[in-house]
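**Q** Need coordinates for the following:
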Amino acid sequence: MSGRTVSAFAPDGAPEIGTGTDLVQVLLGLLGPGDLRDGDLVVVTSKVVAKAEGRVVDGDRDDHLAAETARVVARRGPTRIVRTHHGLTMAAAGIDASNVEAGRAVLLPRDPDASARALRADLVRRTGLRLGVVVTDTAGRAWRVGQTDLAVGAAGVRVVDPHAGQRDAFGNELVVTAPAVADEVAGLVELAQGKLTGRPFAVVRGRPDLVLDDADDDAGAAALVRPEGEDLFGFGAREAVCRALAADPVDQVVFGSPVTAADLVALVAEVLGLVAELDPDGAVSTSSVDESAAARLDALAFAHGWRRTEGEWGERGARDRLRWRPAGP
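**A** Residues are numbered from 1 along each chain as shown. Reported below is the predicted structural model:
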């Protein structure tokens, strides 16, 4: 039978991990002869990495959420989806209160890619094998029920497999296809590890092409994080409305690069039913609007990368010509 086999093996018997635990020693003690080979991927949950690094704290999620949050993406009732200081977008900043003593919580590793690099260096030193390391965590997905594991740290692993420029069997050129293979490895491994089975380590075999040379750690899982402003869903639906109305300059980058002047003119007509014009100097302007309409225009413009630069109220609430310009390049 021809084809490709990719397998995931998660050994039983891992002990409770505490601050300072030698994870590589624990893993190698769980593996038998032949369980680790050249070209394998070693996968470790972020929870045991965090525990070994002393990231277990007193209190619950709410006690530490603010410190672990770079900004709030969305909120629904008590649920907070936030962007962490790592750039990850996760519920409660990835803070976990499971598989830990009551009254305590586990934070994400401070730098999961650095953790992966340290684990890989130690594994390569002790085994002499060419290995890659992936550190995983669990996250939900927009538009999808349930959670799956993804890569939050990686070393010596090609985390994305870009296909742009290649052609399919029908001759069609691929433009944006780029499988996030490190995330796919994480999802595969979760099937073997489970959630309540005490298997925080796994070995994936069958994709040696994803493992880099020993001297090359590559960019790590950070390469999977979209930069601020490039994600079409930088805010949740409700939060986007609130942030556009607040018009905090700090939020401007999250809404992305400015639309064209012609697009803004069209949006003003479509959304607000007002007439705006494209000025010769590139500004967008309008006149004869009241204060309420001006406020709506400001919010719409802010959400599309523009800010008002001119226009003052008259004595009777009349307004001279209002003008908006791009807030950034």
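
**Q** For this protein, which helix or strand comes out least confident on mean pLDDT?
**A** Confidence across the helices and strands of the chain bottoms out at strand 306-310, with a mean of 88, counting by mean pLDDT, DSSP states H and E.

**Q** So which elements touch it?
**A** Counting contacts by 3 or more Cβ pairs under 8 Å, 6 or more residues apart in numbering; DSSP states H and E, strand 306-310 is packed against helix 291-303, strand 322-326. For glycine as for every other residue, the C-beta is placed from the backbone atoms N, C-alpha and C.

**Q** Paired strands for that strand, with orientation please.
**A** Here strand 306-310 has these sheet partners by DSSP bridges: strand 322-326 (antiparallel).

**Q** can you give me the helices in the stretch 51-200 of the chain?
**A** When assigned using DSSP state H, counting those that start in this stretch, the helices of the stretch 51-200 of the chain occupy the ranges 61-68, 112-127, 181-193.

**Q** in the second one, what counts as buried?
**A** Residues of helix 112-127 classed as buried under the neighbour-count rule (16 or more other Cβ atoms under 10 Å) are 112-124, 127.

**Q** So D137 is in contact with V152, correct?
**A** Yes. With contact defined as Cβ atoms under 8 Å, D137 counts as touching V152 (4.7 Å).

**Q** Those two: who's more crowded?
**A** Using other Cβ atoms under 10 Å, the more surrounded residue of D137 and V152 is V152, with 34 against 24.

**Q** how close does that one get to A139?
**A** 9 Å (Cβ to Cβ, to the nearest Å).

**Q** what do the two both touch?
**A** Shared contacts of V152 and A139, defined by Cβ atoms under 8 Å, 6 or more residues apart in numbering, comprise L88, G94.

**Q** Against L131, how distant is the spatially most central residue of the chain?
**A** The geometric centre of the chain, computed from its C-alpha atoms, lies nearest to L88 (Cα atoms, centre = their mean), at 3.5 Å. For L88, the distance to L131 equals 24 Å [Cβ to Cβ].

**Q** cool, and D216?
**A** The gap separating D216 from L131 is 12 Å, by Cβ to Cβ.

**Q** Outline the domain layout of this structure.
**A** Domain assignment of the chain by automatic domain parsing yields the ranges 7-55+109-224, 237-326.

**Q** Could you name every residue contacting both of D137 and V152?
**A** When contacts are counted by Cβ under 8 Å, 6+ apart, D137 and V152 are jointly contacted by S46, L88, G94, L108.

**Q** wait, what's in contact with the third one?
**A** Neighbour list for G94: S46, E68, T84, L88, L107, L108, D137, A139, V152 [criterion: Cβ under 8 Å, 6+ apart].

**Q** out of D216 and L131, which sits in the busier spot?
**A** Legend: neighbour count by other Cβ under 10 Å for D216 and L131, higher for L131 (25 against 11).

**Q** pLDDT wise, what is the more buried one at?
**A** What the model reports for L131 is a pLDDT of 97.

**Q** was I right about it contacting D213?
**A** No. If you go by Cβ under 8 Å, L131 and D213 don't touch, sitting 11.1 Å apart.

**Q** residue boundaries of the strands in the stretch 201-329 of the chain?
**A** Read by DSSP state E, counting those that start in this stretch, the stretch 201-329 of the chain holds these strands, from start to end of the chain: 201-205, 277-278, 284-286, 306-310, 322-326.

**Q** Using TSV, lay out the ones you listed together with distance to G256 and mean neighbour count.
**A** Conversion of these to TSV gives the following (distance: least, Cβ to Cβ, whole Å; neighbours: other Cβ atoms under 10 Å):
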stretch	distance to G256	mean neighbour count
strand 201-205	36	22
strand 277-278	21	14
strand 284-286	17	21
strand 306-310	12	17
strand 322-326	12	21
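
**Q** what's the least confident stretch among those?
**A** Within the strands of the stretch 201-329 of the chain, the stretch with the lowest mean pLDDT is strand 306-310, showing a mean of 88.

**Q** Please identify the buried residues of stretch 285-304?
**A** Buried residues in stretch 285-304, counting neighbours by 16+ other Cβ under 10 Å, are found at 285-286, 289, 293-294, 297-304.

**Q** max-length strand in this structure?
**A** Longest strand in the chain, counting residues (DSSP state E): strand 144-155.

**Q** okay, how far is it across stretch 81-91, tip to tip?
**A** Terminal residues of stretch 81-91 lie 4 Å apart, using Cα to Cα, to the nearest Å.
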